[in-house]
Structures are given as C-alpha cells and as structure tokens.
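Engineer: need coordinates for the following:
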Amino acid sequence: METIDPGPTSLMSGWATAKTVGALSRCVTVGDPETDVLFNKRIERAWRSMEDEMAAERSRRSLNFQEKKEQLMKFLQSRDNAVMVLGTSCDDRVLVRNVLTVSDGFDIYFFTWGHSRKCDQIDRNQRVALCRDDVQIEGVAEILGGFNDEHAKRYVDLMRGKFPDAIRRWEKRPSMVMVRVKPTLAALGGSDEPPELEFLDLEHEVAYAEAWACY
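Structural biologist: Below you'll find the model as predicted:
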C-alpha cells in the first residue's frame, strides 16, 4: 500500500488525469485511519467535480451567438415583459420583488426608493438576477442617482416615454433613484425533448445549449 503526505488542498492540481484521481481515491493511505478517511473524501469530492465538469462539456452544443442576442433583445423590448422579478442578496439574505423595467440595448433600468432594502443590498453586492417566465438574467447593478441627477435623467426620460403614468406617479416623491443592470448571462429557456437550457454569455460572447441543465 502506497503511503503519501496528504499535503494542502492544492495537492489536487498536481494530478494529471481524472483516471489517476479515481485510482487514488480507492487506494491512498497516510497511516492514520482518521486522516485516511478525510483525505480520501477530499479526493472523492475532487473526482466527482471532475466528472461533473467532463459531463457538462460533453452535453454542451454551440449556438449562434448573434441569434441568441437578438432573441434576448426582442424579449427585453417587449412591453409584455416589462415587469420582472428582481433578486438581490447580501449577508446570506436573499430578497425578491417585482420591478417595472425598461431597456436600452441590453441594459435594463428600473426605479425605486433610494433607501429601499434592494438599494441597500445593491450597495453591498452588485450581483443581481432578474427573471420573467422562462428567461433568467444575471447581471451587475449600479445605482445611477435621483430622477433629477444628470447621470440618471436620460433613463428617467426613457422610462417616461414607455410608462408615462408610472413616472408621473412617482417622480414628485423624494428619494427615488434609477438603477441600471448590465446583463452578464441569460438563460433563455430551451426544450423538453431533449431536456436542455439555452445560455447567452454576454461576458465571453458565446451561446450554448446544455443538456439536463436546470434553473
């Protein structure tokens, strides 16, 4: 039986193949039974992670990036999709609520109270998600400022052009701010046969379908 030093967590990076990891997960010993168990569990977790990554690669197929961009653009421009669910998180707490949105290109805008819980969370964690029906969008949020701030005014007018009653109702109230979300990744639905989801990765400019993926 081979004896080796378990070393740091980064030990996994030195093994060249998943096959080697699988073999080690069945035969490694360091002499101490309790350490053997912990070390082998570490190897088994790494092995499962490698298997998952390889399975994901095998189940992916490339899609036309431009076509998927156009699909997302059409979705964002539709008035039917203007009300979306916004998810924010911070300090192990996740909050969701409906927001009225308008888009400019792929950028998504909504307004809210500057002292709201969503703004408090965005201040501390800009990573957010939006969803509507079978479309889910991940992105980075930025609070642009009040309705009269120069940086935000253009987008207030953009919202006014599409939803004048909403702006008329809220623009006189204090502490209202505009927020922008820049999408980074979108899940665009997919098919049941075969079961898969379609993804648009705007950061890396790729689109792909992944079998057995879930929201």
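Engineer: from now on I want contacts and neighbour counts done on CA atoms only, so please keep to that.
Structural biologist: OK.
Engineer: domain map for the chain?
Structural biologist: Following automatic domain parsing, one gets these domains for the chain: 9-60, 64-211.
Engineer: among those domains, which is the most enclosed?
Structural biologist: domain 64-211 (a mean of 17; mean count of other Cα atoms under 10 Å).
Engineer: just to revisit the earlier point, okay if I get the domains of the chain as CSV plus mean pLDDT?
Structural biologist: Shown next, in CSV, are the domains of the chain (pLDDT from 0 to 100):
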stretch, mean pLDDT
domain 9-60, 60
domain 64-211, 93
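Engineer: got a list of what the most centrally placed residue in the chain touches?
Structural biologist: Closest residue to the average C-alpha location of the chain: Glu138 at 3.7 Å, with Cα atoms, centre = their mean. Residues near Glu138 by Cα atoms under 8 Å, 6 or more residues apart in numbering: Arg127, Val128, Ala129, Leu130, Pro183, Thr184, Leu185, Ala186.
Engineer: hmm, who's touching the helix or strand harbouring the fourth one?
Structural biologist: Secondary-structure element containing Leu130, defined by DSSP states H and E: strand 127-132. Strand 127-132 is contacted by residues 81, 83-89, 122, 136-141, 181 when judged by Cα under 8 Å, 6+ apart.
Engineer: pick the one among those residues closest to Lys153.
Structural biologist: Val181 (16.0 Å; Cα to Cα).
Engineer: thought that closest one was touching Gly139?
Structural biologist: Yes - counting by Cα atoms under 8 Å, Val181 does reach Gly139; the two are 5.9 Å apart.
Engineer: thinking again about what came up before, so the residue nearest to the centre of the chain, which of the three states?
Structural biologist: Following DSSP: H, G, I helix; E, B strand; the rest coil, the label given to Glu138 is strand.
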